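Engineer: Here is a sequence with its predicted model. Questions after.
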Amino acid sequence: LGQLLAAVPPERNQLLPALHLTQELFGYIPDRAVELVAAHVRMTVNEVEGVATAYPELHRHPLGRRVIRVCTGLGCWTAGAERIVAALENACGVRLGQTSDDGALTLEATPCCFVCGVAPVVEIDGVLHGRVTPESAPAFAAAPAAVTGGG
Ligand code: FES
């Protein structure tokens, strides 16, 4: 990480690039990296922690091998995302925001995916699926390749 950070100017406005580089290296942002980045861009650990936890694309913990994201933006929420979350929590055996103990799967929320016309939306390993229902959602937990997107 030290070698990577050397390519980033040691300035406060370089915090996000430094955090993104860190995540590219480790797949998430470990505690020790928060300290190293803070020292590099001359900010406090708390300031860096605040930013690292504020952006949904930044992860402070390792993600599962599969990542299921439920859009909880307003459009999806009013279209029933709460019931999708409940169905997926039940099917996956983890709560929203958690990774399974075996590291197989992460279930988390995502802000609006900008396809509100097909709400509610679920993202599976980077692929968006629309018009998800509480009945269709559990299939995402079992076999992502077997699930097709909505119109
Ligand atoms: S609110 Fe879910 S796609 Fe916009």
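Structural biologist: Thanks, I have it. Quantities reported herein were computed from a predicted structural model and do not represent experimental measurements. Residues are numbered from 1 along each chain as shown.
Engineer: gap between the residue of the chain found nearest the ligand and A109?
Structural biologist: Distances between the chain and the ligand by C-beta to the nearest ligand atom are smallest at G73, namely 2.6 Å. (Each C-beta comes from the backbone N, C-alpha and C, glycine too.) To A109, G73 is 9 Å away according to C-beta to C-beta, to the nearest Å.
Engineer: The two: which is more packed in?
Structural biologist: G73 (20 against 16; other C-beta atoms under 10 Å).
Engineer: what's the neighbour count on G126?
Structural biologist: G126: 7 neighbours (other C-beta under 10 Å).
Engineer: follow-up on the earlier one: isn't the residue of the chain closest to the ligand up against V115?
Structural biologist: No - here G73 lies out of contact with V115, judged by C-beta atoms under 8 Å, at a distance of 9.9 Å.
Engineer: which residues does R66 contact?
Structural biologist: Contacts for R66 (C-beta atoms under 8 Å, 6 or more residues apart in numbering) come out as A104, L105, T106, I124, D125, P144.
Engineer: Same check on A137?
Structural biologist: Contacts of A137 by C-beta under 8 Å, 6+ apart are I84, A87, L88, A91, V122.
Engineer: distance between stretch 37-49 and the chain's centre?
Structural biologist: On the basis of C-alpha atoms, centre = their mean, to the nearest Å, stretch 37-49 sits 22 Å off its chain's mean C-alpha point.
Engineer: Check stretch 54-72 too.
Structural biologist: Centre-to-centre, stretch 54-72 and its host chain are 2 Å apart (C-alpha atoms, centre = their mean).
Engineer: and stretch 89-109, average pLDDT?
Structural biologist: Averaging pLDDT along stretch 89-109 gives 93.
Engineer: Lovely, talk soon.
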